[in-house]
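Q: just to be clear, the model below is a prediction. Sequence and coordinates:
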Amino acid sequence: MRHIIDLADLTAAEFSDLYKLTTNIIDRPEGYVDACRGKVLGSLFYEPSTRTNLSFSTAMMRLGGSVVGFSDPNSSSTAKGETLKDTISMVSSYADLIVMRNPREGAAKAASLYSSVPVINAGDGGHLHPTQTLTDMVTILRMRGSADNMKIGLCGDLKYGRTVHSLLHFLERYHNVQIYLIAPDALKLPDYMVHFLKEHQMPFCEVSALDEVLPELDVLYMTRIQRERFVSAQEYENLEGNYQLTAAKMKRAKKDMLVLHPLPRVDEIAQDVDDDPRAVYFKQARYGMFGRMALLLTLSKLNFQRPAKHGIGTDGVRCSNPKCITKTEPYLPLDVPVGARCPYCDALIELRL
Ligand code: NCD
């Protein structure tokens with residue numbers, strides 16, 4: 001366990017240790033106030049974030065460590081044209097751990113190549129968000145014991161929602177999980193994720209209305225329609241307001257269904273749902289902080305070694321994803337054949353013309 005690019009990279013044993021440590025911290029936080037004393041977290045947020053950023057900073061402080069970094073790339077050397085490689089080489093010589101959010105897909109993987117300390121992906125564009133998945137899983141496991149045999153509905157923005165992609169990757173390891181994908185056509189799960197579900201024989205169905213499946217669900221994972229990832233405001237407005245959960249609809253749901261949301265919520269969950277005991281999204285955010293404490297503590301104890309050498313640039317191929325980190329950081333090695341998946345963002349590799 002070194003860099004955390006995708007939570008699904010952890011083995012079952014590693015995740016089980018992490019979950020046990022999280023529950024110990026939840027039950028006895030005072031036992032960990034000095035656990036990271038003297039450690040420094042480098043926190044690099046190239047994209048707006050309240051929850052994840054605050055959650056990581058609070059987690060490090062509750063462990064007795066400290067935090068340096070930025071939450072606005074305009075106040076960093078990136079604004080002067082510095083490469084990601086140089087920023088990471090520098091920060092990793094100051095800090096003991098790095099947490100990074102970046103709008104480019106595959107950015108965390110790219111950063112990990114040049115870091116001499118563990119890198120934690122706090123969201124890379126619409127791609128992955130492993131510590132949100134940790135948050136989601138801690139909530140499900142703490143409240144229901146397991147995710148086995150569950151009917152899980154994912155509702156809203158399945159196209160741009162990186163939290164959904166990460167969670168689906170992780171759910172693959174549970175038995176008999178049935179996935180209900182609830183989204184309008186324009187926000188359906190991307191092809192590479194559908195491919196992932198099929199490849200791993202995860203039973204799923206795609207429906208276009210929450211009402212159709214709500215009474216069957218054990219967990220409903222609501223998501224925000226991500227305005228910042230839309231090309232036009234009109235495209236966004238056409239979908240806003242669809243796929244809403246209200247107290248009236250909750251009457252048709254199971255008595256013990258959990259309602260999760262990575263937050264921030266806009267109007268996809270009406271305020272009148274908040275007092276329903278099944279609405280656990282604020283509790284989920286709190287569990288997320290404890291999960292991040294466990295992760296920081298675990299990674300800070302590692303004997304970490306940066307791999308010695310890396311190739312530079314690409315040879316005849318390129319990634320087909322315009323949002324891939326390789327488009328803005330062209331020195332990144334891309335040593336894979338046409339038709340393979342991009343090692344950074346998972347999109348298809350094509351011929352460079
Ligand atoms: C999510 C994110 O940033 O991907 N939020 C979060 O990390 N808590 C979801 C969102 O922004 O809608």
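A: Nice, I can see it.
Q: any idea of the pLDDT on Asp185?
A: Reading off the confidence values, Asp185 has pLDDT 86.
Q: scratch that, Glu228
A: 70.
Q: immediately after the worst-scoring helix or strand of the chain on mean pLDDT, which helix or strand?
A: In the chain, no helix or strand scores lower on mean pLDDT, DSSP states H and E than helix 233-237, which sits at a mean of 72. Tracing the chain past helix 233-237, the next element assigned as helix or strand by DSSP states H and E is helix 247-250.
Q: what are the buried residues along that following helix?
A: Residues of helix 247-250 classed as buried by neighbour count (16 or more other Cβ atoms under 10 Å): Met250. Backbone N, C-alpha and C define where each C-beta goes, glycine included.
Q: for that helix, list the C-alpha coordinates in CSV.
A: Taking only C-alpha atoms (Å, rounded to 0.1, in the frame of the first residue of the first chain), the coordinates of helix 247-250 have been written out as CSV:
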residue,chain,number,x,y,z
ALA,A,247,-39.8,13.1,1.7
ALA,A,248,-42.9,12.1,-0.2
LYS,A,249,-40.9,9.7,-2.3
MET,A,250,-39.1,8.3,0.7
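Q: chain center to it: distance?
A: 28 Å (Cα atoms, centre = their mean, to the nearest Å).
Q: tell me what the helix or strand that it is followed by is packed against?
A: Following helix 247-250 in sequence order, the next helix or strand is strand 258-260 (DSSP H and E). When contacts are defined as 3 or more Cβ pairs under 8 Å, 6 or more residues apart in numbering; DSSP states H and E, strand 258-260 packs onto helix 130-144, strand 219-222, helix 281-300.
Q: so for Lys39, which of those sits nearest?
A: Ranking these by proximity to Lys39 (Cβ to Cβ) places helix 281-300 first, at 5.1 Å.
Q: return the set of buried residues in the closest one.
A: For helix 281-300, by 16+ other Cβ under 10 Å, it's 281, 284-285, 287-300.
Q: what do you get for stretch 38-51?
A: Those would be Lys39, Val40, Leu41, Gly42, Ser43, Leu44, Phe45, Tyr46, Glu47, Ser49, for stretch 38-51 by 16+ other Cβ under 10 Å.
Q: now swap in stretch 135-150 and tell me
A: Buried residues in stretch 135-150 (16+ other Cβ under 10 Å): Thr135, Asp136, Met137, Val138, Thr139, Ile140, Leu141, Arg142, Ala147, Met150.
Q: need the contact list for the third one.
A: Which is Met137. Leu7, Phe15, Tyr19, Ala147, Leu167, Phe170 (Cβ atoms under 8 Å, 6 or more residues apart in numbering).
Q: now for the last one: which residues touch it?
A: Right, Phe170. By Cβ under 8 Å, 6+ apart, the contact list for Phe170 reads Leu7, Ala8, Thr133, Met137.
Q: just the buried residues out of those, in ChimeraX syntax.
A: The buried residues among the contacts of Phe170 can be selected in ChimeraX (16+ other Cβ under 10 Å) with this line:
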select :7,8,133,137
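Q: of the contacts of Phe170, which is the nearest to the ligand?
A: Proximity of the contacts of Phe170 to the ligand was ranked by Cβ to the nearest ligand atom; the top entry is Thr133 with 10.4 Å.
Q: is that closest one in contact with Gly161, as I believe?
A: No - with contact defined as Cβ atoms under 8 Å, Thr133 does not count as touching Gly161 (11.8 Å).
Q: what residues does the stretch 251-353 of the chain have near the ligand?
A: For the stretch 251-353 of the chain, the residues in contact with the ligand (Cβ under 6 Å from any ligand atom) are Pro262, Leu263.
Q: below-threshold pLDDT in the stretch 251-353 of the chain: ranges please.
A: By pLDDT under 70, the weakly predicted segments of the stretch 251-353 of the chain are 307-308.
Q: what about the closest residue to the ligand within it? Give its phi and psi, please.
A: Residue nearest to the ligand within the stretch 251-353 of the chain: Pro262 (4.2 Å; Cβ to the nearest ligand atom). Note on Pro262: backbone dihedrals following degrees, to the nearest 10 are phi -70, psi -20.
Q: correct me, but it touches His165?
A: No - counting by Cβ under 8 Å, Pro262 sits too far from His165 to count as a contact (11.8 Å).
Q: find residues that contact each of those two.
A: Common neighbours of Pro262 and His165, using Cβ under 8 Å, 6+ apart, are His129.
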